[in-house]
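**Q** Provided below are the primary sequence and the corresponding predicted coordinates.
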Amino acid sequence: MVIGLFGGSFDPPHNGHLTIAQSFYTELALDRVIFIPAYIAPQKKRRAYASDADRLNMLGLALADHPYFSISDIELQRQGISYTLDTITYFQQQFPAARLFLLIGGDSFLDFHNWHQPDEILKRVQVVVAARPDCDLSLANPTYLPQIILLKNPPRDISSRVIRERIKNRQPIQSLVPPAVEQYIYQHRLYTS
């Protein structure tokens, strides 16, 4: 089995996440992609804007039409800072015969040398990078560049931060998130302040 791990805040999950995950799934011939919402991402050092339950519910709605996408709440259960190596260890124990791929954004890869035990991460999984158009990967640590796979399909340039700002400013978001996620956000009055 070949499994892709896709972590993030997903606050909210958006069409860019789905596009990246689809490219990840297709280009690497994965059997499944597991979305893993972080409790606290080490790079962000803060809790999410929406509750854990709301983020899980929105992810469930976003992934409903994709049978090869699933969700793990392991980092939410563990709480504290979500170190990638701990999550990799968990999935290696759950799927000892699987080959694991880890998807990260280009902006995260630029900071990869500051992650908790990046060399150990690279020993255990194949790191796959989805670079945004404005992300210059030549600025990344040259030690790690030869060890990654770069997604060929460029991701849609959408960010959760921009979506939250648009909601706060009462601007439309229908082209940025799946319809069910948009409906959930408005029904639960998320990101309005």
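**A** Now that the structure is in, tell me what you want to look at.
**Q** From the chain's centroid, how far away is the lowest-mean-pLDDT helix or strand in the chain?
**A** Across the helices and strands of the chain, mean confidence by mean pLDDT, DSSP states H and E is lowest for helix 106-110: a mean of 88. Helix 106-110 sits 12 Å away from the centroid of its parent chain (C-alpha atoms, centre = their mean, to the nearest Å).
**Q** name the helices or strands packed onto that helix?
**A** Using 3 or more C-beta pairs under 8 Å, 6 or more residues apart in numbering; DSSP states H and E, the elements in contact with helix 106-110 are strand 126-130. Quick note: C-beta positions are derived from backbone N, CA and C, even for glycine.
**Q** helices and strands around the strand it packs on, which ones?
**A** helix 15-27, strand 99-105, helix 106-110, strand 149-150.
**Q** try 10 Å this time
**A** strand 2-8, helix 15-27, strand 99-105, helix 106-110, strand 149-150 (3 or more C-beta pairs under 10 Å, 6 or more residues apart in numbering; DSSP states H and E).
**Q** can you count the residues close to the closest residue to residue 90 other than its chain neighbours?
**A** Computed as C-beta to C-beta, 6 or more residues apart in numbering, the closest residue to residue 90 that is not its neighbour in sequence is residue 74, at 5.5 Å. Residues contacting residue 74 under the criterion other C-beta atoms under 10 Å number 18.
**Q** thinking again about what came up before, now do the helix or strand following the least confident helix or strand of the chain: which elements does it pack against?
**A** Downstream of helix 106-110, the first helix or strand assigned by DSSP states H and E is helix 118-124. Contact here means 3+ C-beta pairs under 10 Å, 6+ apart; on that basis helix 118-124 packs against helix 84-94, strand 99-105.
**Q** who's sitting farthest from the centroid in this protein?
**A** residue 170 (25.8 Å; C-alpha atoms, centre = their mean).
**Q** Distance check, it against residue 60.
**A** Distance, residue 170 to residue 60, by C-beta to C-beta, to the nearest Å: 26 Å.
**Q** What values do phi and psi take at residue 96?
**A** The main-chain torsion angles of residue 96 are listed as degrees, to the nearest 10 and equal phi -60, psi -20.
**Q** and it, what pLDDT?
**A** pLDDT recorded at residue 96 is 96.
**Q** What distance do you get for it to residue 75?
**A** For residue 96, the distance to residue 75 - C-beta to C-beta - is 20 Å.
**Q** Looking at these two now, which is surrounded by more residues?
**A** A count of neighbours by other C-beta under 10 Å puts residue 75 above the other of residue 96 and residue 75, at 23 against 7.
**Q** Okay, and the more buried one sits in which element?
**A** Per DSSP H and E: helix 74-78 holds residue 75.
**Q** Understood, closing this out.
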